[in-house]
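Enquirer: no sequence for this one, just the structure:
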Ligand code: ADP
C-alpha cells in the first residue's frame with residue numbers, strides 16, 4: 001500500500017447525525033463530560049493494547065509505558081487528548097467512529113419521544129462516548145495508528161458533526177490515537193490548565209494510567225522555558241484502595257467509566273477476599289437496563305484484572321448469564337498474567353471466584369430487597385434474575401426469595417409480592433402456592449380460572465412474562481409448598497373445599513354424563529376430555545391443560561417462537577354446571593344448533609385465556625346467527641329506510 005491515498009468524504013449513518021443533534025442539545029448543561037468520555041476511551045485503548053501484547057510483545061514497539069496526554073492551545077482554540085494505546089486501522093475508524101455499532105440502536109431511536117427531558121435520560125442510557133466531543137467542538141480531528149502497523153498506515157478522520165466526515169491515510173509515527181477538538185466559540189473556559197485539571201480530577205481520577213498535562217516553568221538563570229509532564233490523576237486502581245477512603249463520587253465516576261453509563265449506579269458492591277485465592281471485586285448494579293440486555297449473548301460488563309493489570313473484558317466465565325446486568329471489575333491476585341480465555345474455561349480458581357462473587361451479589365440483593373430501591377431493581381432486571389432459578393440450581397432457593405410477583409391480593413400490575421409474603425398469607429388448609437400464567441397482565445387478572453379462587457379468597461400469583469412459563473416448570477416448590485398452575489390438572493383445593501361442595505360436584509358429574517358425552521363428540525378434534533368443574537362461578541366454560549401436559553400459554557409461546565415441541569396436546573374443556581347457558585345447551589333439541597352452542601362455548605373459553613381461534617369468521621357468524629334466532633331479533637325484522 002502506498003502512502004499516497006486520496007481523501008474521501010463519507011456520510012455518517014443517519015442515526016449518528018440524529019444522535020449528534022440530540023446530544024448537543026440535551027447534554028449541553030453538563031458539557032464537561034466530553035473529557036471523561038474521551039479519557040475513558042483512551043484508557044480502554046491502553047487496556048486493549050496490554051491484552052494483545054500479552055501474546056505479542058512487539059506491539060509495544062519498545063514503548064510499554066502507557067499514558068494519556070491532555071493538552072490545550074489557546075491560540076488555536078483547541079484541546080488535544082492523546083493516548084499510546086492500541087490505535088485504529090482505517091476500517092476500524094470507519095466502523096467504530098462513523099457508525100453506531102451498538103446493538104439496539106434502532107430500538108433506541110424508536111424510543112425517543114421528542115420530549116427533551118425524557119430523551120436526555122435516554123441518551124445517557126445509550127452512552128454517547130466519542131460523540132460527546134461535539135458538545136463543545138465544531139470540528140473534531142482524529143489521527144491514529146494501529147499498534148504494529150507501519151507509520152505509513154496512519155489514519156486521519158475529521159468531521160464538523162454535520163452529517164459527513166473525511167478520512168485519509170497519513171504518515172504517523174506515533175502509535176495510538178490523538179483527538180483534537182476545535183472548540184466552538186464561547187467554550188474558552190476549557191482552555192485553562194486549572195479547569196482541565198479539575199475536570200480530570202473530578203471524573204477521571206480513578207483511571208489507572210497516568211493522565212498527564214504539560215507543566216511549563218521558566219529557568220530564570222538560563223532564561224529557558226522548561227516543559228515537564230505532570231501527572232494529574234491519582235492513577236492507582238480504585239478498588240485496591242480501602243473502602244473507607246473512597247468517596248461515593250469516586251465510586252460513581254468509576255462506574256460511569258466501566259459501564260459506559262451516564263447515570264449513577266443503583267448500588268456498588270466492593271469486596272476483598274483474602275486467603276488461598278485472593279481477589280477483589282468492585283461491582284455495580286446499574287439503575288437502568290441497557291438496551292441489549294435481553295440478548296443472553298450480549299456483552300457482559302465485567303472486566304478481569306490480574307494484580308491491577310487489565311486482562312480481558314466480560315468473559316462469560318466470570319459471571320453466569322442471569323447476572324449479565326452487573327458491571328465492574330474482578331481483580332485476581334493469583335491467576336497468571338498471561339491467562340487466556342482457554343485457561344479461564346478450565347480453571348479451578350476462576351470457578352471459585354465465580355461462585356464466591358455470585359454469593360456476594362445475592363447477599364447484596366437480599367440487602368437491597370429490604371430497601372425501597374429494590375422496586376427499581378426489580379422493574380429493570382427482574383426478568384433476567386428469574387433466569388437464575390432455571391440456570392443456577394445451587395442458588396435456586398435464594399434466588400426464589402428475591403423474586404417479586406403481582407397477585408390477586410391487590411390485583412396490581414406492580415410486581416411487589418414475594419413468595420415469602422404469599423406463604424405467610426396462605427389460608428388454613430391451603431397446601432399449594434397457586435399461580436396463573438398468561439400472555440399479559442390483563443389476561444391473567446381476568447382469567448375465568450381465578451373465579452373460584454376469588455370467591456374463596458385464595459391468593460393467586462399473576463404471571464405474565466414469557467420467562468414465567470419456564471419459571472413455572474423449574475420452580476417446583478418453595479419452602480416445602482408446591483407451586484401449582486391453576487390452569488393445569490383437575491382442581492383440587494383439598495381442605496379448602498367443604499364436603500357439600502365436593503358432593504355437589506360429583507352429583508353434577510353423574511347427572512350430566514350424557515351431556516358431557518354429546519359435547520365431547522362435537523369437540524372430538526379439539527379436546528381430550530370434557531368434564532364438570534366447580535372452579536367457575538360466572539363463566540360457562542374454560543380450558544385446562546392435563547396435569548402432565550404443557551401449559552397452554554407455554555405451548556403458544558413455543559409455537560410463536562417457531563420452536564418445535566412434543567406438544568400439540570389437546571386441552572380439557574371444563575364446564576360450569578351452574579351456568580344458564582349450560583341449561584340451554586342441555587335442553588337444545590336441534591342438533592345443528594346444539595353443535596353451534598358447543599363450538600361457541602369452546603371458542604369463548606379459548607379466547608378468554610388469550611388463545612387464537614382457528615376460524616374467527618366462523619365464530620362471529622355463529623354468534624350472530626344465535627343472536628338473530630333469539631327473542632326480538634329475526635331475519636325478517638330489519639331497519640327500513642323509506
Ligand atoms: P464506546 O466507547 O461506548 O464503545 P465510543 O463512541 O466512545 O463508544 O467509541 C466507539 C469505539 O471507537 C470504541 O469502542 C473503540 O473501539 C473506538 N475508539 C474510540 N476511542 C478510541 C481510542 N482512543 N483508541 C482506540 N479506539 C478508540
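Expert: On my side now, so go ahead. Bear in mind that the values here come from a model prediction, so they are computed numbers and not experimental data.

Enquirer: And the pLDDT for the residue in the stretch 1-150 of the chain positioned nearest to the ligand?
Expert: The stretch 1-150 of the chain approaches the ligand most closely through residue 129 (2.1 Å), counting by CB to the nearest ligand atom. C-betas here are computed from N, CA, C, even on glycine. As predicted, residue 129 sits at a pLDDT of 80.

Enquirer: close enough to count as contact, it and residue 41?
Expert: Yes. In this structure, residue 129 is within contact of residue 41 by CB atoms under 8 Å, at 6.3 Å.

Enquirer: what helix or strand is residue 387 on?
Expert: Secondary structure from DSSP states H and E places residue 387 in helix 373-391.

Enquirer: Show me what the following helix or strand past that helix is packed against.
Expert: Downstream of helix 373-391, the first helix or strand assigned by DSSP H and E is helix 396-402. Using 3 or more CB pairs under 8 Å, 6 or more residues apart in numbering; DSSP states H and E, the elements in contact with helix 396-402 are helix 348-368, helix 373-391, helix 419-425.

Enquirer: Which one's more surrounded, residue 129 and residue 41?
Expert: residue 41 (21 against 18; other CB atoms under 10 Å).

Enquirer: Check whether the more buried one really touches residue 131, as I assumed.
Expert: No. Residue 41 is not in contact with residue 131 according to CB under 8 Å; the separation is 11.0 Å.

Enquirer: which residues does the residue lying closest to residue 450 once chain neighbours are set aside contact?
Expert: Spatial nearest neighbour of residue 450, chain neighbours left out: residue 460 (5.7 Å); criterion: CB to CB, 6 or more residues apart in numbering. Residues counted as contacts of residue 460 (CB atoms under 8 Å, 6 or more residues apart in numbering) are 407, 408, 434, 435, 436, 450, 453, 486.

Enquirer: So for stretch 274-281, what gets flagged as buried?
Expert: 277, 279, 280, 281 (16 or more other CB atoms under 10 Å).

Enquirer: C-terminal to the lowest-mean-pLDDT helix or strand in the chain, which secondary structure element comes first?
Expert: One helix or strand of the chain scores below all others by mean pLDDT, DSSP states H and E: helix 552-560, with a mean of 63. Where DSSP H and E defines the elements, the next helix or strand beyond helix 552-560 is strand 572-575.

Enquirer: Neighbouring strands - and their directions - for that following strand?
Expert: Here strand 572-575 is paired, per DSSP bridges, with strand 529-532 (parallel), strand 541-544 (antiparallel).

Enquirer: Where do the strands of the stretch 1-150 of the chain begin and end?
Expert: With DSSP state E, counting those that start in this stretch as the criterion, the stretch 1-150 of the chain has strands at 8-11, 68-73, 78-83, 137-145.

Enquirer: picking that back up, and the helices and strands packed on helix 396-402, which is most packed in?
Expert: When the helices and strands packed on helix 396-402 are scored by mean count of other CB atoms under 10 Å, the highest mean neighbour count falls to helix 373-391 (a mean of 19).

Enquirer: average pLDDT for that one?
Expert: Mean predicted confidence for helix 373-391 is 95.

Enquirer: Could you tell me which ranges of the stretch 301-450 of the chain sit under the pLDDT cut-off?
Expert: Along the stretch 301-450 of the chain, segments meeting pLDDT under 70 span 314-315.

Enquirer: What distance do you get for residue 484 to residue 570?
Expert: For residue 484, the distance to residue 570 (CB to CB, to the nearest Å) stands at 21 Å.

Enquirer: So which of the contacts of residue 460 is surrounded by the most neighbours?
Expert: These, ranked by neighbours (other CB under 10 Å): first place residue 436, 27 neighbours.

Enquirer: Surely it forms part of a strand?
Expert: Yes. Under DSSP: H, G, I helix; E, B strand; the rest coil, residue 436 sits within a strand.

Enquirer: and the chain, what are its domains?
Expert: 8-230, 238-368, 378-495, 500-630 (automatic domain parsing).

Enquirer: Reformat those domains as TSV; add distance to residue 639.
Expert: Shown next, in TSV, are these (distance: least, CB to CB, whole Å):
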stretch	distance to residue 639
domain 8-230	46
domain 238-368	53
domain 378-495	34
domain 500-630	14
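
Enquirer: what sits against the closest residue to the ligand within the stretch 151-300 of the chain?
Expert: Closest approach between the stretch 151-300 of the chain and the ligand, counting by CB to the nearest ligand atom: residue 177, at 3.7 Å. For residue 177, the contacting residues are 42, 45, 82, 83, 85, 87, 88, 142, 143, 144, by CB under 8 Å, 6+ apart.

Enquirer: All good on my end, thank you.
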